[in-house]
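K.L.:
Sequence plus the predicted model coming up.
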2 protein chains.
Amino acid sequence: MKKSRKSTLTDLAKAIGMNVSTVSRALNDHPKISNKTKAKVKALAEKMDYKPNPLAQGLKKQDTKTIGVIFPTFDTNFFFRVLKGIEKVMHDKGYQIIISTAGNSAAQEKEACQALSSYHVGGIIIFLSYDHEDPSFLIDIQDEGIPLLFMDRIYEEIDANYVVSDDFKGMFETVSDFIDKGCKNIVHIKGSEEVSTSFSRLQGYQEALKEKGIEVNPDFIIKCEHESEVKSGLRNLLRKYTIEDIDLITCFNDYYAFQALELLKEKNISVPDDVSLLGFANDPLSTYTSPKLSTINQPAEHMGVQASYLLLDEMDKNRKGENYQYQTSMVNTFYLKRESTK
Amino acid sequence: MKKSRKSTLTDLAKAIGMNVSTVSRALNDHPKISNKTKAKVKALAEKMDYKPNPLAQGLKKQDTKTIGVIFPTFDTNFFFRVLKGIEKVMHDKGYQIIISTAGNSAAQEKEACQALSSYHVGGIIIFLSYDHEDPSFLIDIQDEGIPLLFMDRIYEEIDANYVVSDDFKGMFETVSDFIDKGCKNIVHIKGSEEVSTSFSRLQGYQEALKEKGIEVNPDFIIKCEHESEVKSGLRNLLRKYTIEDIDLITCFNDYYAFQALELLKEKNISVPDDVSLLGFANDPLSTYTSPKLSTINQPAEHMGVQASYLLLDEMDKNRKGENYQYQTSMVNTFYLKRESTK
DNA sequence: CTGTTAGCGCCTTCAG
DNA sequence: CTGAAGGCGCTAACAG
């Protein structure tokens, strides 16, 4: 380990026989530096392969050209796809991305936020996933001047930028369309109570039925905390009803739908001939099942891109001292027909 | 934006009427500080919610409690799974993870490395994916004292830690076993020339045949730069041969296998009754196909964990000035029978 | 055991 | 237009 050193501003200054501050200004295109010296300095910097030290810059300017991203877990592909979108624009703008996970507790979530804040990230994109008794730590972070952008879930109490997918609308419209096409008996396999999105998807389903004057049959709402409960839930349903009683099964997400599909296959029920099946999210896996899963597209990557732009915009306005108007960006979700629906 | 301030060492020192350095030492458990003052300082720190500024620490100590991870792209799930493993141990050890992608050029790859180095990350885990005319930038990074760990591919020229999966062995053993079970006519759908892993997987296939005294039929090696070429490749093969001529199709990865599966279905060829099909990697998708894909397991998450430990170990030894012996950790890959093979 | 001092690399007043 | 000096927050000699 030879510890070679990187050239610093001082090195440049010495080599060129100027003061550090002049060199610094030249590199930063300060208006009051002659073009000649600028050119000279820049040429030398190039030659000596000078790279400013972001740590020192950050210490001074309280701005590190980094942003933080906090996920709940690494379990669904959805997060990865969002990350891809974030990376795409942030990389373009010269920002580094620091990732963190909230693991499985509110405490860790808070910790992750504070860690990022202590690294003086320029902003944080977070999939907040716990209900905090005391969410003041989030406000604290905002007060430190670090913009917070919330993904996928809205907190009335906190004024900030939001990027959420309009799960309600996607489900509502899709179910409505199916009803128009003649479906009457529609099942919904509902996701975990802990996840806010499961609520809006359920709502979309319920409202569509109501609006079309179809009574919601409580038996037709199957609660599953986890995809592993889907099969037994569906089995129970099929004890009381036959598949002829059901036209369409809608699901909290694609993984749930896949479990449903497996059970239906086991029971020799053909999809979509005997019953239609609908997922949610458009996880890549949905193109790998057979039949290929019809689903409601949730544009993950686009959400990442959207979030990045919003965040950068807020950071920019903050820097300039302009005041900033928070936005909530609802990205559309829409029905994507493949093979599991008629 | 109210810009509340964080408490600093100086704040603490003032509040408690001691010198900054005493406070610093107390917090860092310096041996020559009385337990009484330590306790007092720590209590105050707690109360004032003091968090050290990692930027300042980093500037001083040249160590930022961060590590960098560089992926080629965000395309395969494999990377996400590895990342999960990395995150798990790094988070545990209090490290933040900065991610970067190499995008699609050697230049970007180099850039990403240098960016991370300028952030003074404690180490870098990289999936190097381009052949660089001049790989000296990698050596430079090592010379700066930043440990580099290469994933998934070995560079003879560079002395470093490596974590690779033993693709050759997994493929070799699996194909050998199939031959023992009576398979003779085995096809291999080969991956992109640009990817080193495609070579070792092919090798495993070829060597197994040779060792068992089976001549390698060049027609049976289908070259596909991308999974989108799989179907046409296979179609071509099936013009010259019938499915009775083939016992088993091995593939560069699970995505390739899935394409193959689709084509076989289109042709009404039943898997595994008419022909067996084998993927590689054990991507989550392989449990979602039907039949469920038999594959060769590449323990992605474990590789991430392994890499993290190796890297941390090197960082630790470096810090202590002990000399360090580089290691190459070969993680085993092995046959995972599901439904697509007999 | 604790205080003093210097400096990591950079930017930014304040003077020329 | 450029130089000198101070300081961001922290640590690490060097002195007591």
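P.N.:
Cool, got the structure.
K.L.:
the strands in chain A, which residues?
P.N.:
A:66-71, A:96-101, A:124-126, A:148-151, A:161-165, A:186-190, A:221-223, A:248-251, A:276-278, A:295-297, A:328-331, A:334-336 (DSSP state E).
K.L.:
Deepest-packed of those, please.
P.N.:
Comparing the strands of chain A by mean neighbour count (mean count of other CB atoms under 10 Å in any protein chain shown), strand A:248-251 ranks first with a mean of 28. C-beta here means a position set from N, CA and C on the backbone, and glycine is covered the same way.
K.L.:
show me what contacts the closest residue to residue A:133 other than its chain neighbours?
P.N.:
Distance criterion CB to CB, 6 or more residues apart in numbering or on different chains; nearest residue to residue A:133, sequence neighbours excluded, is residue A:106 at 7.8 Å. With contact taken as CB atoms under 8 Å, 6 or more residues apart in numbering or on different chains, residue A:106 is in contact with A:130, A:131, A:132, A:133.
K.L.:
near DNA strand D, which residues of chain A?
P.N.:
Contacts of chain A with DNA strand D, taken as CB under 7 Å from any atom of the strand, map to A:18-22, A:25-26, A:30, A:32-34, A:36-37, A:56, A:59-60.
K.L.:
one more time with 6 Å
P.N.:
Residues of chain A lying close to DNA strand D by CB under 6 Å from any atom of the strand are A:18, A:19, A:21, A:22, A:32, A:33, A:34, A:37, A:59, A:60.
K.L.:
Within reach of DNA strand C, which of the residues you listed are there?
P.N.:
A:21, A:59, A:60.
K.L.:
Quick check: the second one touching residue B:59?
P.N.:
Yes - applying CB atoms under 8 Å as the test, residue A:59 and residue B:59 come out as touching, 5.8 Å apart.
K.L.:
circling back: restrict the residues of chain A next to DNA strand D to contacts with chain B.
P.N.:
Contacts with chain B within those, counted by CB under 8 Å from any CB of the partner chain: residue A:59.
K.L.:
Only the buried subset of the residues of chain A next to DNA strand D, as a ChimeraX command please.
P.N.:
In ChimeraX syntax, the buried subset of those is picked out as below (16 or more other CB atoms under 10 Å in any protein chain shown):
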select /A:18,22,33,59
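K.L.:
and the residues of chain A next to DNA strand D as a markdown table, adding pLDDT?
P.N.:
A markdown table is the format used below for those (pLDDT from 0 to 100):
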| residue | pLDDT |
| --- | --- |
| A:18 | 87 |
| A:19 | 86 |
| A:21 | 85 |
| A:22 | 89 |
| A:32 | 82 |
| A:33 | 83 |
| A:34 | 84 |
| A:37 | 85 |
| A:59 | 88 |
| A:60 | 87 |
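K.L.:
Between all of the residues of chain A next to DNA strand D, which two are at the greatest distance?
P.N.:
Largest separation among the residues of chain A next to DNA strand D by CB to CB: A:34 and A:59, giving 29.2 Å.
K.L.:
Sort out which residues of stretch A:110-127 are buried, please.
P.N.:
Residues of stretch A:110-127 classed as buried by neighbour count (16+ other CB under 10 Å): A:110-113, A:115-127.
K.L.:
cool, stretch A:263-271 as well?
P.N.:
A:263, A:264, A:269, A:271.
K.L.:
quick one: which of those residues is nearest DNA strand D?
P.N.:
The shortest approach to DNA strand D among the buried residues of stretch A:263-271 belongs to residue A:263, at 56.5 Å (CB to the nearest atom of the strand).
K.L.:
That closest one and residue A:234 touch, don't they?
P.N.:
Yes - between residue A:263 and residue A:234 there is a contact under CB under 8 Å: 5.1 Å.
K.L.:
can you list the residues of the stretch 1-150 of chain A near DNA strand C?
P.N.:
So the stretch 1-150 of chain A meets DNA strand C at A:8-9, A:20-21, A:24-25, A:28, A:52-53, A:56-57, A:59-61 (CB under 6 Å from any atom of the strand).
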